[in-house]
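A.B. asks: give the three-dimensional model of this entry:
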Amino acid sequence: MNLFVINDQNFHLCFFCHNHVKIHNFSLYEYKKKRQRGTGPTTAPPAGGLRPPDKKRTMETTIRIEKIITGGLGIGRLQDGMVVMTGRVLPGETVVVRGTRQHRGYLEAELVKVLEPSGDRVEPVCPRYFECGGCDLQHARKTAQHRIKEDILIEAAGRARVVCGKGVSQPLMASPLPLGYRHRIRLALSSRGEIGFYQARSNRLVPIHECPVATAPINTALAELNRSKYLRRAAAFTREIELQHSPADDRVIALLRLDNGKRADPRLIREFAASLEPVAQVRVRAARRTRPGSPQQQDAVLRQQFDRSVCGRPFFLSWSPGCFSQVNARQNSRLIGLVCRLSGDGRGQRILDLFCGMGNFSVPLGLGQAAVTGIERNRESIARARSNAAAAGLHDCEFQDIDVAAGLRQCLGAGLHFDCVVLDPPRQGLGKSTALLLDLAPGRIIYISCDPATLMRDLHLLVTGGYKLLSLTPVDMFPQTHHIESVALLEKN
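C.D. replies: Residues are numbered from 1 along each chain as shown. Alright, predicted model coming up:
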């Protein structure tokens, strides 16, 4: 979730990237400290805090939507030039809006009605679409969603002064499935035992019984979860339940995320797990560690099988519920294939995979006969990466459980050289470690990102530091939303 617009609202969780976002009454001091760490919103909040709009601004008014920006909001203008931002609209539409919150330089508004709809407007498939804060582009046909995402990426490049010359911008890689693609959802649990997602820009829970973007096994488990008599009792120690669907065998695992300082009731978890027939296992996560819901449970493993079209040889990846995995499994296969093609012939190459996770890119790159070093600060993920490499018969892959910045310094200290560096960082991007990557000076860099703003920030530093941007490919990993994955290829001048 990009926070450039909604920087003084109370968000508990970004549904699509699973990053926690808590910015209630964000002060200017907190903003500065967060920005220094690279974790805060990209626009400062008003120094005086939240200001309700004046009476003139709260009146209904008609505006024309110019474009959709990062965050999925449409931009229009009042007659006096004040910028208005509102959701569930499309470029070119004439709409009636009502102001809800006034910020320094713009007005946040809610959509009242559409007077002149775009030809790209369609009926959303989800009955809770206008309440739920998960999807924000279901009202746009697929081709319009693609254009919006391409425009968001190009505008982000322009803002960061990253020049996309002729032939750099590539066509968007569409998702094989526009619906039913999510293999993982994280649900909020209320004290009353209701499960659902939060309303957009609110802490109000919207109860959900079915999610159109989730896979069928996830929805089967969700329906059973809604019927459970244990939810209210479970709310005493957890407010989040994550459902994960294993692509290879259709098993569903439920992950209970404990509140800070809370202890789970083992007997309750055993009874809860036994009552959920579509759920293979219930796991508990606390203090960054995942454990079985009961001592009798075996290790929970999720798997995905890949055919030879991805990297020339079939392989599989396995991971545990505490590891990161892409939510769109079929699109992940295409993403891996793209990265393998961009890396070139692997024979004789040394590749460094930063934020390697459980080996999502390391293993297929290794199968392309490259020598791969993977770095990730997550013991559970590194253990899975090693087992995945061993299962693929790879002997020239090594993995280190170390912070990326420390890992880069270690490589520099040892005088190591890499032909290519692949990195897939979290939403914050590479940040200050970009300078270390420049010092390492690999021949090629393949940067995978889920946030256009931080991607362009880092690309600007890399291009200024002597690299040329060869290609930029938007990847639709999250259909029905403004969220977008991007793959940039850079080569040292």
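A.B. asks: helices of the stretch 351-493 of the chain, residue ranges please.
C.D. replies: 362-367, 379-391, 404-413, 434-440, 452-464 (DSSP state H, counting those that start in this stretch).
A.B. asks: quick one: closest of those to residue 237.
C.D. replies: Ranking those by proximity to residue 237 (Cβ to Cβ) places helix 379-391 first, at 21.9 Å. The C-beta positions use only the backbone N, C-alpha and C, and glycine is treated the same way.
A.B. asks: so which bits of the closest one are buried?
C.D. replies: Using 16 or more other Cβ atoms under 10 Å as the test for burial, helix 379-391 gives 380, 381, 382, 383, 384, 385, 386, 387, 388, 389.
A.B. asks: ok so, going back, of the helices of the stretch 351-493 of the chain, which is nearest residue 323?
C.D. replies: For those, the distance to residue 323 is smallest for helix 379-391, at 4.7 Å, taking Cβ to Cβ.
A.B. asks: contact partners of that closest one?
C.D. replies: 290, 315-320, 322-324, 356-359, 362-363, 366, 374, 376, 397, 399-401 (Cβ atoms under 8 Å, 6 or more residues apart in numbering).
A.B. asks: try 7 Å this time
C.D. replies: Helix 379-391 has contacts (Cβ atoms under 7 Å, 6 or more residues apart in numbering) with 317-320, 322-324, 356-359, 362-363, 366, 374, 376, 397, 399, 401.
A.B. asks: report how many residues lie close to residue 113.
C.D. replies: Taking other Cβ atoms under 10 Å as the criterion, the count of residues near residue 113 is 9.
A.B. asks: tell me if it really is in a strand.
C.D. replies: Yes - counting by DSSP: H, G, I helix; E, B strand; the rest coil, residue 113 falls inside a strand.
A.B. asks: thinking again about what came up before, need the helices of the stretch 351-493 of the chain in CSV (columns: distance to residue 249 and mean pLDDT).
C.D. replies: Putting the helices of the stretch 351-493 of the chain into CSV (distance: least, Cβ to Cβ, whole Å; pLDDT from 0 to 100) gives the following:
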stretch, distance to residue 249, mean pLDDT
helix 362-367, 19, 98
helix 379-391, 16, 97
helix 404-413, 32, 98
helix 434-440, 38, 98
helix 452-464, 34, 97
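A.B. asks: most tightly packed of the ones you listed?
C.D. replies: Most buried of the helices of the stretch 351-493 of the chain, by mean neighbour count (mean count of other Cβ atoms under 10 Å): helix 362-367, with a mean of 27.
A.B. asks: that one packs against which elements?
C.D. replies: strand 315-319, helix 329-343, strand 371-376, helix 379-391 (3 or more Cβ pairs under 7 Å, 6 or more residues apart in numbering; DSSP states H and E).
A.B. asks: repeat that with 10 Å
C.D. replies: On a contact count with 3 or more Cβ pairs under 10 Å, 6 or more residues apart in numbering; DSSP states H and E, helix 362-367 meets strand 302-306, strand 315-319, helix 329-343, strand 350-354, strand 371-376, helix 379-391, strand 397-401, strand 420-423.
A.B. asks: now the strands for the stretch 101-250 of the chain?
C.D. replies: 106-116, 184-189, 195-198, 205-207, 238-245 (DSSP state E, counting those that start in this stretch).
A.B. asks: JSON lines please, covering those and showing mean pLDDT and distance to residue 280.
C.D. replies: Formatted as JSON lines, these follow (pLDDT from 0 to 100; distance: least, Cβ to Cβ, whole Å):
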{"stretch": "strand 106-116", "mean pLDDT": "96", "distance to residue 280": "41"}
{"stretch": "strand 184-189", "mean pLDDT": "96", "distance to residue 280": "14"}
{"stretch": "strand 195-198", "mean pLDDT": "96", "distance to residue 280": "19"}
{"stretch": "strand 205-207", "mean pLDDT": "95", "distance to residue 280": "25"}
{"stretch": "strand 238-245", "mean pLDDT": "95", "distance to residue 280": "10"}
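A.B. asks: and residue 215, which of the ones you listed is closest to it?
C.D. replies: When those are compared (using Cβ to Cβ), the closest one is strand 238-245, at 5.0 Å.
A.B. asks: could you check the angle the closest one makes with strand 302-306?
C.D. replies: Strand 238-245 runs at 30 degrees relative to strand 302-306, counting by axes from the mean of the first three to the mean of the last three Cα atoms, to 10 degrees.
A.B. asks: show me what strand 238-245 is packed up against.
C.D. replies: With contacts taken as 3+ Cβ pairs under 10 Å, 6+ apart, strand 238-245 sits against strand 184-189, strand 195-198, helix 216-226, helix 231-234, strand 252-258, strand 281-286.
A.B. asks: go again with 6 Å.
C.D. replies: strand 184-189, helix 216-226, strand 252-258 (3 or more Cβ pairs under 6 Å, 6 or more residues apart in numbering; DSSP states H and E).
A.B. asks: redo these as TSV? Include distance to residue 491 and mean neighbour count.
C.D. replies: Formatted as TSV, these follow (distance: least, Cβ to Cβ, whole Å; neighbours: other Cβ atoms under 10 Å):
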stretch	distance to residue 491	mean neighbour count
strand 184-189	34	21
helix 216-226	40	19
strand 252-258	41	22
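A.B. asks: and of those, who's closest to residue 464?
C.D. replies: strand 184-189 (36.8 Å).
A.B. asks: what's that closest one in contact with?
C.D. replies: For strand 184-189, the external contacting residues (Cβ atoms under 6 Å, 6 or more residues apart in numbering) are 18, 195, 205, 214, 235, 239, 240, 241, 242, 243, 244, 327.
A.B. asks: mind running it again at 7 Å?
C.D. replies: The contact list for strand 184-189, computed with Cβ under 7 Å, 6+ apart, reads 12-13, 18, 195-198, 205, 211, 214, 218, 231, 234-235, 238-245, 327.
A.B. asks: pretty sure residue 453 contacts residue 157?
C.D. replies: No - the pair residue 453 and residue 157 does not pass the contact test of Cβ atoms under 7 Å, sitting 10.3 Å apart.
A.B. asks: would JSON lines of the strands of the stretch 101-250 of the chain with distance to residue 265 be doable?
C.D. replies: Shown next, in JSON lines, are those (distance: least, Cβ to Cβ, whole Å):
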{"stretch": "strand 106-116", "distance to residue 265": "41"}
{"stretch": "strand 184-189", "distance to residue 265": "15"}
{"stretch": "strand 195-198", "distance to residue 265": "18"}
{"stretch": "strand 205-207", "distance to residue 265": "23"}
{"stretch": "strand 238-245", "distance to residue 265": "10"}
